[in-house]
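>>> Sequence plus the predicted model coming up.
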Amino acid sequence: MMHVLTNSVPKWGIPRSPHFDTIDHSFSICTRCSFSCLPTSLATHDIARNKGLLHIKEGCAFTIMSFPVIEKTESNVVIKEYAEDFTSSSSYESAMEALSSLITIRKRGEKTQIGGRYKKLERMLMYLKILGLEDHIAELKVIHVAGTKGKGSTCTFCEAILRECGLRTGLFTSPHLIDVRERFRINGLEISEDKFLHHFWECWSLLKENVSDDLPMAPLFQFLTILAFKIFVYEQVDVAVIEVGLGGTKDSTNVIKEPVVCGVTSLGFDHMETLGNTLRMIASHKAGIFKSQIPAFTVPQLSEAMDILQERALQLAAPLEVAAPLPIEKLRGLKLSLSGDHQFINAGLAVSLCKCWLQRTGNWEKIFHKDGKEAELPEAFLRGLSTAQLSGRAQIVYDNSYASSEASENSSGDLVFYLDGAHSPESMEACAKWFSSVVKGNRNSSQSSLSSMNGGENMEEVLRNMRHEKEKSKQPYKISKQILLFNCMEVRDPQVLLRRLVNICASSGTHFSKALFVPSISMYNKVTSGSSIVPLDISGKDLSWQFSLQRHWERIICGADSVHDKNSEMDSARTLPPRTFLYEAASHYCPGKDYSAYSAIMPSLPLTIKWLRDCVKENPSVRVQVLVTGSLHLVGDVLKLLKRI
Ligand SMILES: Nc1ncnc2c1ncn2[C@@H]1O[C@H](COP(=O)(O)OP(=O)(O)OP(=O)(O)O)[C@@H](O)[C@H]1O
């Protein structure tokens, strides 16, 4: 029998899970009304009481919130506002619209003009106070993780390890790929729509009611951070694993005053417009999460970065240790569930963070009855490391939806998507190594392609993929073609990203026969849900960025300038290349037409997926291996489409 120190004795003497209910589905707009069981001390109550929304029952306060609602007699201005502003048929879509309204459009590196009197972290504290959370977040037992690459993976490993130790976990990561709820996981599962909506609208209304010229509404990431804290407090998690959004010192998550332990993952060059151009400057921002006397861990870093981390730790008397990459033997024959050699670095850090967290919270001895100096990893750690799930990072998806029956499946080629949202030079390098390794069938890398289907898929899907792979291995030899499907944000340097990808792949014998440049569907000014409508109208889409990506590609591959003249660009983007383009030799194609010998502009992502499926359907002798990379938005869009069509 395992005993774990948890918060299972409710902090406020209230039931562990808030009670959710639906009062009335008959409102024309309001689809959800929810109750939450809150500590009576929370300031929210006072506000709610003033608004006449509060009903006290046996020492436990139930806040009745109903959004959006047509209640014209209601004096609550905010509620009226929802009814007027968010007339979408679905409450969830309304929440997405509300969230989208918090996106502040600005050029990268420019300071966001939120206005008001206060600095970001001051504002964050005020928002938390409005929600009555400022004391409660101090009780959260946090693992706080900053870094350039590997934050999401490290946090995901930590969450899975501690969950396997029997703890109730909360995980906050960013960005999301398909649905914003991916950012908030409770016990390994993304938060349910009901709970999300409940907390979302409660947060929204209280903040909206209290904004002023001095304290404007929280922009998107600040709002989501506050929401995460609220969710974790109310869900009474034993541990909150919190990924920094950007940088560290000034990040919204840095309102955590006393985490249990901090981690800094691999440092490199990203977000330089905000963090600075040197590794020292970047490291200094990341070290901004260190707190006085709180243990911190990092991974092996270049000396410029390590010096800064050590300096900062010394100033704060924070013990800083370097966690070595996890030696493969420690896994005792198991495999990391996240694929790629770089994941051993993240896993090593996660193990140190979790051990430290368990020791500092008094859980280590309770759970393992050991002094913590054992060389072997506990079973629970192994289970966490071999089951942690994170979509869009070195994820493999076998697509067989183009084959309508087993017979047609066998008479079609194979289409396999390799998805990795790398978008910085260092991560592109990690991605290129992983892709080359898996397409060559190098099962020793860290992971076999089968077990690397880590996309939060259910077991049924994993088993289906395994069956698919087994079936395919019995079939006659197929010619593999590696195709690149790429887009990146305009602030990135595509020349650097593409060159690094091509060179690293080439150094291990992997060559892309074609590259496809395609616009993402996701818009940077809109938060969408998994069920949002996919826009199919491609008319008038500006593809000039995709054309410039193609020019970079042509230069890298053939050393020549682009084959296109500017006038033909908009026209050519409306047509898809012939299907033979995908698998016939480059020498068959003369440049200067709709596509070049090595690359094509694809007018839209849905058309590209359909086109790829059609190509493969026609040619049973090919196995098309598509690397999707350059942007997490692109990866999310592809995943969304593969699930749907
Ligand atoms: N330790 C690492 N070193 C280099 N690249 C890495 C490392 N870990 C992850 N990557 C690369 O970075 C991508 C993103 O991984 P992850 O989400 O874990 O990191 P992140 O720091 O959260 O990144 P993001 O900038 O997307 O928020 C991966 O798909 C992989 O290509």
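In hand now; what should we look at?

>>> Just the buried positions in stretch 252-268, please.
252-256, 259-268 (16 or more other C-beta atoms under 10 Å). Heads up, the C-betas are built off the backbone N, CA and C, glycines and all.

>>> So which of those sits lowest on pLDDT?
Lowest pLDDT within the buried residues of stretch 252-268 is found at residue 268 (87).

>>> follow-up on the earlier one: contacts with the ligand among the buried residues of stretch 252-268, please.
Restricting the buried residues of stretch 252-268 to those within reach of the ligand (C-beta under 6 Å from any ligand atom) leaves 265, 266.

>>> among the buried residues of stretch 252-268, which are in strands?
Using DSSP state E, the subset of the buried residues of stretch 252-268 located in strands is 261, 262, 263, 264.

>>> So in terms of bridging, what pairs with the last one?
When you say that, I think you mean residue 264. residue 146, residue 298 (DSSP bridges).

>>> Can you name the residues that contact it?
Contacts for residue 264 (C-beta atoms under 8 Å, 6 or more residues apart in numbering) come out as 145, 146, 147, 248, 286, 287, 289, 296, 297, 298, 299, 309.

>>> The same query, at a cut-off of 7 Å, please.
Counting by C-beta atoms under 7 Å, 6 or more residues apart in numbering, residue 264 makes contact with 146, 147, 286, 287, 296, 298, 309.

>>> I figured the second one hits residue 286, correct?
Read that as residue 147. Yes. Residue 147 is within contact range of residue 286, at 6.1 Å (criterion: C-beta atoms under 7 Å).

>>> in which helix or strand would I find residue 294?
Using DSSP states H and E, residue 294 falls within no helix or strand.

>>> residue ranges with poor pLDDT in the stretch 401-550 of the chain?
401-412, 442-477, 523-525, 530-540 (pLDDT under 70).

>>> Can you read off the pLDDT for the spatially closest residue to residue 120 that is not a sequence neighbour?
Excluding the flanking residues, the one nearest residue 120 by C-beta to C-beta, 6 or more residues apart in numbering is residue 250, at 5.9 Å. We have a pLDDT of 92 for residue 250.

>>> how many neighbours does residue 250 have?
14 (other C-beta atoms under 10 Å).

>>> Look at it and tell me its secondary structure.
coil (DSSP: H, G, I helix; E, B strand; the rest coil).

>>> One more: residue 512?
coil.

>>> Identify the contacts common to residue 147 and residue 286.
264, 267.

>>> what does the stretch 151-300 of the chain put close to the ligand?
With C-beta under 6 Å from any ligand atom as the criterion, the stretch 151-300 of the chain meets the ligand at residues 151, 152, 153, 265, 266.

>>> Check the buried residues of stretch 252-268 against the ligand and report the nearest one.
Lowest distance from the ligand to the buried residues of stretch 252-268 (C-beta to the nearest ligand atom) belongs to residue 266, with 4.0 Å.

>>> Distance check, that closest one against residue 429.
11 Å (C-beta to C-beta, to the nearest Å).

>>> and what of residue 369?
Counting by C-beta to C-beta, the gap from residue 369 to residue 429 is 42 Å.

>>> any idea what sits nearest residue 332, other than its immediate chain neighbours?
Using C-beta to C-beta, 6+ apart, the closest residue to residue 332 is residue 382 (6.5 Å).

>>> For the one you found, give me the pLDDT.
Reading off the model, residue 382 has pLDDT 97.

>>> That one should be in a helix, yeah?
Yes. If the criterion is three-state DSSP, then residue 382 is within a helix.

>>> Could you grab the helix/strand/coil label for the closest residue to residue 478 other than its chain neighbours?
Spatial nearest neighbour of residue 478, chain neighbours left out: residue 623 (4.2 Å); criterion: C-beta to C-beta, 6+ apart. Three-state call for residue 623 (three-state DSSP): strand.

>>> Residue 623 reaches residue 414, doesn't it?
Yes. At 4.0 Å, residue 623 and residue 414 qualify as touching, with contact defined as C-beta under 7 Å.

>>> what do these two both touch?
Shared contacts of residue 623 and residue 414, counting by C-beta under 7 Å, 6+ apart, come down to residue 478.

>>> and the chain, which residues reach the ligand?
147, 149-153, 265-266, 342, 345-346, 393, 420-422, 426-427, 430-431, 632.

>>> residue boundaries of the strands in the stretch 451-600 of the chain?
Ranges of strands in the stretch 451-600 of the chain, per DSSP state E, counting those that start in this stretch, are 479-486, 514-517, 599-601.

>>> Nearest to residue 441, out of these?
strand 479-486 (9.7 Å; C-beta to C-beta).

>>> Just the element for the nearest residue to residue 219 once chain neighbours are set aside, please.
Nearest residue to residue 219 in three dimensions, chain neighbours excluded: residue 104, at 4.8 Å (C-beta to C-beta, 6+ apart). If you go by DSSP H and E, residue 104 is not part of any helix or strand.

>>> Go ahead and confirm residue 104 touches residue 217.
No. Assessed by C-beta under 7 Å, residue 104 is found out of contact with residue 217, at 10.3 Å.

>>> The two: which has the busier surroundings?
residue 217 (18 against 12).

>>> Would you mind measuring from the residue lying closest to that one once chain neighbours are set aside to the ligand?
Leaving aside its chain neighbours, residue 217 sits nearest to residue 211 (4.8 Å; criterion: C-beta to C-beta, 6+ apart). As judged by C-beta to the nearest ligand atom, to the nearest Å, residue 211 and the ligand stand 29 Å apart.

>>> re earlier: settle this for me: the residue nearest to residue 332 is touching residue 334, isn't it.
Yes. With contacts counted by C-beta under 7 Å, residue 382 reaches residue 334, the gap being 5.6 Å.

>>> Compare the two (neighbour count), which wins?
Between residue 382 and residue 334, residue 382 has the larger neighbour count (other C-beta under 10 Å), namely 18 against 15.

>>> what residues are up against that one?
Counting by C-beta under 7 Å, 6+ apart, residue 382 has contacts 331, 332, 334.

>>> per-residue pLDDT, the last one?
The predicted local distance difference test score for residue 334 is 95.

>>> That one and residue 126: what is the separation?
46 Å.

>>> cool, and the first one?
Look at residue 331 and residue 126: by C-beta to C-beta, they are 46 Å apart.

>>> hang on, the earlier thing: out of the residues of the chain next to the ligand, which are buried?
147, 149-153, 265-266, 342, 345-346, 393, 420-422, 426-427, 430-431, 632.

>>> Please flag which of those sit within helices.
151, 152, 153, 342, 345, 346, 426, 427, 430, 431, 632 (DSSP state H).
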